[in-house]
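In: fold the following and give me the result.
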Amino acid sequence: METARKTRAQRAVLTALKELQNATPMELFDRINALGNSRHIGLTSVYRALNSLVESGELRRERLNDTTARYGFNDSAKTHSHHLVCVKCNETKPLDQCPFDEKAITLQEKFTPLYHNFQIFGICFKCDESPVVAPAN
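Out: Numbering: from 1, shown residues only. All right, here's what the predicted structure looks like:
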């Protein structure tokens, strides 16, 4: 889907995203400007670049909540991801598997899901002084 020439901001976003794999606009902004580019790229330019790259199909946007989204390369083998999100430090950890059973929802509810977001919000062990130990069965 690379038919049009890329702007400087789009090239910078793609370069930073290759390193980060999955990132918020602010993480991309920080990484781009930490790379020592001769000219600063503003946060507004990062957002514009992200929007155009999503529209072109090169990137995918995953909403984490009402105010935060993460961006990654649009890999057709991986249509979505799921995250654990720490409410203290904002660390986001992707889950390896999807806990959502689309077939069961389709059969039980007579509803065909098109897409979904799944995040678990909590406190990571680094931020919690007394992590909860799972009870023994």
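In: please identify the buried residues of whichever strand or helix holds Asp30?
Out: Assessed by DSSP states H and E, Asp30 sits inside helix 25-34. For helix 25-34, the buried set under the neighbour-count rule, 16 or more other Cβ atoms under 10 Å, comprises 25, 27-33. Glycine gets a C-beta too; all of them are placed from N, C-alpha and C.
In: same check on stretch 5-14?
Out: With the criterion 16+ other Cβ under 10 Å, stretch 5-14 contains buried residues 6, 9-10, 12-14.
In: okay, and which of these map to helices?
Out: Among the buried residues of stretch 5-14, the members falling in helices are 9-10, 12-14 (criterion: DSSP state H).
In: what ranges does this protein have for its helices?
Out: In the chain, the helices defined using DSSP H lie at 8-20, 25-34, 43-55, 102-109.
In: looking at those, which is closest to Cys124?
Out: Nearest to Cys124, of all the helices of the chain, is helix 25-34, at 16.8 Å by Cβ to Cβ.
In: which residues does His83 bridge with?
Out: Beta-bridge pairing of His83 under DSSP bridges involves Pro94, Gln119.
In: quick one: contacts for it?
Out: 64, 70, 92-95, 118-120 (Cβ atoms under 8 Å, 6 or more residues apart in numbering).
In: among those residues, which one has the most neighbours?
Out: Within the contacts of His83, Arg70 tops the neighbour count with 21 neighbours, counted by other Cβ atoms under 10 Å.
In: is it true that that one touches Thr92?
Out: Yes - using Cβ atoms under 8 Å, Arg70 is in contact with Thr92, at 6.9 Å.
In: break this protein into its domains for me.
Out: Domain assignment of the chain by automatic domain parsing yields the ranges 1-75, 80-127.
In: returning to what we had before: just curious, which of the buried residues of helix 25-34 is nearest to Val85?
Out: Glu27 (13.6 Å).
In: quick one, what contacts the closest one?
Out: Contacts of Glu27 by Cβ under 8 Å, 6+ apart are Leu20.
In: which residue lies nearest the spatial centre of the protein?
Out: Central residue of the chain (Cα atoms, centre = their mean): Arg70, 2.5 Å from the mean position.
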